Every structure is written in C-alpha cells, then in structure tokens.
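Participant: how would this look folded up:
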Amino acid sequence: MEQSQLMQYLPVLMLIVVAIGFAAGTLTISVFLGQSAKRTKAKDMAYECGANPIGENTPRFSIKFHLVAMLFILFDIEVVFLYPWAVVYRDMLADHATRNLILGSMISFMFILFAGYLYALKKKAFDWKN
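Facilitator: Prediction:
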C-alpha cells in the first residue's frame, strides 16, 4: 500500500526533473550561442522601445510608490484567504459545533484586516501627493 502511494508522486518528480533540465538546457545553449555572436556598442546599449535611452537608466521612485505597492500586496494576499473559507463554509454549516466557530474566525479576520486598512488610511499611506 505504501509503495502505491509513493508511486503517485512519480509524475511530480518527473515534472520537476523535466523543468530543471529544460531550464539548465536553455541557459547552457544560450551561453554557447551568445559567445559566437559579434558584440558591438550598439548591441550592448539598452533598448527603450525603439528610441535611444535618455537620462538615468534607473529612475528613482518615491517611497510612496513602494508603500502603496506593499500595501496592495498585503491586502491582495489577505483576500486570497477568503477563497478557501468560502469553499468550506457551506460544508461547515452542516456541523452545528463548528458553525459559530468558522463564522467568528472570519469576522475576526475581517476586523483585523479592516483595522489595518484604517491604520493605513489614518497614516495617509494611500495619499500620492505627499
């Protein structure tokens, strides 16, 4: 019985080996083909949509940009936790012992999420102009 369970992981192992082999193979081929190409100053210059690059190659972003990006990622990841809860919620309603537990846990989760949102709003983290 244990051997049949381990055999179920064989396709996953094969997929991992193929993925690693493909990545290593394409990198190796690109190194060998890249060495044979002629390098010129024009080829080594950064490409900006067909126009010559002007100015610094890495412009500085405001810290607000990074703050809003991190807040977006934070709240986006938090919302992902709502999907599994919604999937099992109907099944959990059938069990009277866990009915209030699952609803209470999601209400507390949403309260903490909303408190974080209010904190970010109070600190003016979403205000781009400052």
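Participant: any idea how far R60 lies from H66?
Facilitator: 11 Å (Cβ to Cβ, to the nearest Å). In this view, the C-beta of every residue, glycine as well, is placed from N, C-alpha and C.
Participant: who has more neighbours, those two?
Facilitator: H66 (10 against 7; other Cβ atoms under 10 Å).
Participant: my guess is that one is in a helix, correct?
Facilitator: Yes. According to DSSP: H, G, I helix; E, B strand; the rest coil, H66 belongs to a helix.
Participant: Please identify which helix or strand holds D76.
Facilitator: helix 63-80 (DSSP states H and E).
Participant: right, and the helix or strand after that helix?
Facilitator: With elements assigned by DSSP H and E, the helix or strand that comes after helix 63-80 is helix 82-94.
Participant: Check which helices and strands that following helix sits against.
Facilitator: On a contact count with 3 or more Cβ pairs under 8 Å, 6 or more residues apart in numbering; DSSP states H and E, helix 82-94 meets helix 99-122.
Participant: who does the helix it packs on touch, helix- and strand-wise?
Facilitator: So helix 99-122, by 3+ Cβ pairs under 8 Å, 6+ apart, packs with helix 63-80, helix 82-94.
Participant: any idea how far Q8 is from G116?
Facilitator: On the measure of Cβ to Cβ, G116 and Q8 end up 41 Å apart.
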